[in-house]
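*Asks:* Please work out how this folds:
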Amino acid sequence: MSDDIETDLDEAEEIRAAETEARVKAENKAERAERAERMAREGAQAMAEHLASQVAVDERTKRLRALRLAKEAADAQTAATAKKEADEAKAAKDRARKTAARKSAKKD
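*Replies:* Numbering: from 1, shown residues only. The predicted model follows:
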């Protein structure tokens, strides 16, 4: 009878070991599934942040390009105005010199 009890205990222990192993496998599987879900969420969030960052960079680039083009246009306008004024000043100086030369020629 002792052998029967011992056999029953061995079987009970094997059953408990199998149940424990099944529970551990189920817990591991649940942990892996949870980890995979968390990684997927974090990946999606990281991708959204990356795309938002790219959009922000593109918007800044457009704004800075518009500012640069406006500054270049203003500089070109300023240069054209300065050249025109210099040309007009030179022409006025030439006219004054020619007028002075004519007056000097008439006096002689």
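*Asks:* From residue 56, how far out is residue 94?
*Replies:* Using C-beta to C-beta, to the nearest Å, residue 94 is found at 57 Å from residue 56. (Each C-beta comes from the backbone N, C-alpha and C, glycine too.)
*Asks:* Oh, that last question was meant for residue 27, not what I typed.
*Replies:* 43 Å.
*Asks:* just residue 49 next, same as before
*Replies:* 10 Å.
*Asks:* now the chain, which segments are flagged as low pLDDT?
*Replies:* Applying pLDDT under 70 to the chain flags the ranges 1-6, 107-108.
*Asks:* ok, now with 50
*Replies:* 1 (pLDDT under 50).
*Asks:* all helices of it, in order?
*Replies:* 2-107 (DSSP state H).
*Asks:* For stretch 52-62, list the C-alpha coordinates in CSV.
*Replies:* Listed in CSV are the C-alpha atoms of stretch 52-62, where the atom choice follows Å, rounded to 0.1, in the frame of the first residue of the first chain:
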residue,chain,number,x,y,z
ALA,A,52,5.9,65.7,-36.8
SER,A,53,9.5,66.7,-36.5
GLN,A,54,10.0,66.4,-40.2
VAL,A,55,6.9,68.6,-40.8
ALA,A,56,8.3,71.2,-38.4
VAL,A,57,11.6,71.2,-40.1
ASP,A,58,9.9,71.6,-43.5
GLU,A,59,7.8,74.5,-42.2
ARG,A,60,10.9,76.3,-40.8
THR,A,61,12.7,75.7,-44.0
LYS,A,62,9.9,77.3,-46.0
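*Asks:* Alpha carbons of stretch 80-87, in PDB - could you do that?
*Replies:* C-alpha atoms of stretch 80-87 as PDB (Å, rounded to 0.1, in the frame of the first residue of the first chain):
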ATOM      1  CA  ALA A  80      19.500  99.300 -57.900                       C
ATOM      2  CA  THR A  81      18.400 102.500 -56.100                       C
ATOM      3  CA  ALA A  82      21.900 103.200 -55.000                       C
ATOM      4  CA  LYS A  83      23.300 102.700 -58.500                       C
ATOM      5  CA  LYS A  84      20.600 104.900 -60.000                       C
ATOM      6  CA  GLU A  85      21.400 107.600 -57.500                       C
ATOM      7  CA  ALA A  86      25.100 107.300 -58.200                       C
ATOM      8  CA  ASP A  87      24.500 107.500 -61.900                       C
END
